[in-house]
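Q: Just a sequence and a predicted model for now, questions to come.
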Amino acid sequence: MRRLLTLLALTALLVAVSCRTGTKTLLPNVSGKAGEVIVVMDKDSWEGDLGNQVRDVLAGDCPYLAQKEPMYSLVHVAPTGFADLFKVHRNIVIFNIDPAAETPGMVYRSDVWARPQCIVQLTARSVGEALESFRDNSPRILSTLEQAERDRIITNSKLYEEKALFPAVAEIFGGSPHFPSGYKLKKKTDRFIWIADEKQYSNQGVFIYKYPAAANDNFTVENIIAHRNRVLQDNVPGMFEGTYMTTSTYIPPTVEFISFRGRQFAQTRGFWEVHNDFMGGPFVSHSFYGPGGEDIIVVEAFVYAPKYDKRHYLRQVESIIYSFEWQKENEKP
């Protein structure tokens, strides 16, 4: 009888906890390919100005890729066809156009029908109002989708992490990104580390290096690229004598300043190439002050995949450098 009463008490406790926490823990995993977005919209709107604007924004050219590739692959679904099969997709943008709508606007939700899921719902009284609202909110919609894709990759990186790499990097730089299974240490000095996932026809790599901070102008594109070229010439040789990685000047690199979860850094995008050879591809780097402010630390992601589209490869390795944590943060319980 005592055991029965204990079992009943535990069952009641579990039911109570379930009621308090909701059903998110019971949601299925998301479906769909990485970089894919379901767009729920009626056919007439999809074939008109609203659909054209959505395609221009969400399926526009991915920046700093050698060949044209869309930011996202779009799948159109009419509202009448938006069944359970589509509701568990990873990214969904829903257009609810109703003349009787009481609260038009944009709503961002997560983990509604699956997890980890990103849903953007736009409610408007007319197609014209929807078009205007979408234009006004385009930067935030793109940012929301990109962050959802990035968070999924970071979560998997931590779940299937190559545990030995974080302390190896943190020993020199005070922190490290989280590298998933498959990444290996290629080179390590007291100021430079090269880690990569190299396959037969693709190479996703990360450089971490540091150099002394100057009194000013540490984060201008000229200063960042000058240091980059010197570091890579010394540490990243090409296949043949006299060749080494450097920065392509065909399309000038750009710098923007990012604040991400308590960290501030200068994000540089551009193309790398091999001096005196014909290899090249996209790169993105984060430059920021090291502990104490005496050094500039750079964490850089690059891709070489001449046989494949590069959008997904770059998004994967770029997400890894976004996972950078200082060692003290990583040791929190």
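A: On my side now, so go ahead.

Q: and the gap between the closest residue to Q327 other than its chain neighbours and A213?
A: In this structure, Q327 finds its nearest non-sequential neighbour in A170, 4.3 Å apart by Cβ to Cβ, 6 or more residues apart in numbering. Any C-beta I mention is one placed from the backbone N, CA and C, and that applies to glycine too. With distances taken as Cβ to Cβ, to the nearest Å, A170 is found 20 Å from A213.

Q: what does I320 give?
A: 24 Å.

Q: With F265 instead?
A: F265 is 14 Å from A213, by Cβ to Cβ.

Q: again, but for G290
A: For G290, the distance to A213 (Cβ to Cβ) stands at 8 Å.

Q: Which neighbours do these two have in common?
A: I296 (Cβ atoms under 8 Å, 6 or more residues apart in numbering).

Q: Start from the N-terminal end of the stretch 101-250 of the chain and give the strands.
A: In the stretch 101-250 of the chain, the strands defined using DSSP state E, counting those that start in this stretch lie at 105-110, 118-124, 175-176, 184-188, 192-198, 203-212, 245-247.

Q: who touches the last one?
A: Under the contact criterion Cβ under 8 Å, 6+ apart, strand 245-247 has outside partners 225, 228-229, 232-233, 236, 238, 253, 270-275.

Q: Can you list the buried residues in stretch 219-230?
A: Residues of stretch 219-230 classed as buried by neighbour count (16 or more other Cβ atoms under 10 Å): 219, 223-225, 227-228.

Q: Send me it as CSV with only the CA atoms.
A: Provided in CSV are the C-alpha atoms of stretch 219-230 (Å, rounded to 0.1, in the frame of the first residue of the first chain):
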residue,chain,number,x,y,z
PHE,A,219,38.5,47.8,-36.5
THR,A,220,38.8,49.5,-39.8
VAL,A,221,38.6,47.3,-42.9
GLU,A,222,42.1,48.3,-43.9
ASN,A,223,43.6,47.4,-40.6
ILE,A,224,41.7,44.1,-40.3
ILE,A,225,42.7,43.0,-43.8
ALA,A,226,46.3,44.1,-43.4
HIS,A,227,46.8,41.9,-40.3
ARG,A,228,44.8,39.1,-41.9
ASN,A,229,47.1,39.0,-44.9
ARG,A,230,50.2,39.0,-42.8
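
Q: can you list contacts of that stretch?
A: With Cβ under 8 Å, 6+ apart as the criterion, stretch 219-230 contacts 211, 214, 217, 246-247, 252-255, 257, 266, 268, 270, 285, 287, 296, 298, 300.

Q: mind checking how far that stretch is from the chain centre?
A: 24 Å (Cα atoms, centre = their mean, to the nearest Å).

Q: Just give the number of residues close to L232.
A: Neighbour count for L232, taken as other Cβ atoms under 10 Å: 24.

Q: Touching, it and Y244? I think so.
A: Yes: using Cβ atoms under 8 Å, L232 is in contact with Y244, at 6.5 Å.

Q: okay if I get the buried residues of stretch 219-230 as TSV plus distance to Q316 and pLDDT?
A: Shown next, in TSV, are the buried residues of stretch 219-230 (distance: Cβ to Cβ, whole Å; pLDDT from 0 to 100):
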residue	distance to Q316	pLDDT
F219	26	97
N223	28	97
I224	23	98
I225	24	98
H227	26	98
R228	21	98
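
Q: Now render those as JSON lines, adding distance to Q53.
A: Formatted as JSON lines, the buried residues of stretch 219-230 follow (distance: Cβ to Cβ, whole Å):
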{"residue": "F219", "distance to Q53": "34"}
{"residue": "N223", "distance to Q53": "38"}
{"residue": "I224", "distance to Q53": "35"}
{"residue": "I225", "distance to Q53": "35"}
{"residue": "H227", "distance to Q53": "41"}
{"residue": "R228", "distance to Q53": "37"}
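
Q: Not counting its neighbours along the chain, what's nearest N29?
A: A114 (6.4 Å).

Q: show me what contacts the one you found?
A: By Cβ under 8 Å, 6+ apart, the neighbours of A114 are 27-31, 87-90.

Q: do L26 as well
A: Taking Cβ under 8 Å, 6+ apart as the definition, L26 has no contacts.

Q: now swap in the one 3 residues further on and tell me
A: Taking Cβ under 8 Å, 6+ apart as the contact definition, N29 lies against 88, 114-115.

Q: Pull the number of nearby residues for P252.
A: When neighbours are counted by other Cβ under 10 Å, P252 registers 11.

Q: cool, G175 as well?
A: 21.

Q: Equivalent analysis for V39, please.
A: Neighbours of V39 (other Cβ under 10 Å): 22.

Q: What residues are bridge-paired with it?
A: H76, V93 (DSSP bridges).

Q: quick one: it from E300, how far?
A: From V39 to E300 the distance is 34 Å (Cβ to Cβ).

Q: got it, and P237?
A: Counting by Cβ to Cβ, the gap from P237 to E300 is 17 Å.

Q: picking that back up, just the buried ones among the contacts of stretch 219-230, please.
A: Going by neighbour count (16+ other Cβ under 10 Å), these have 211, 246-247, 253, 255, 266, 268, 270, 285, 287, 296, 298, 300 buried.

Q: what ranges of the protein fall below the confidence cut-off?
A: The chain contains residues with pLDDT under 70 at 1-25, 329-333.
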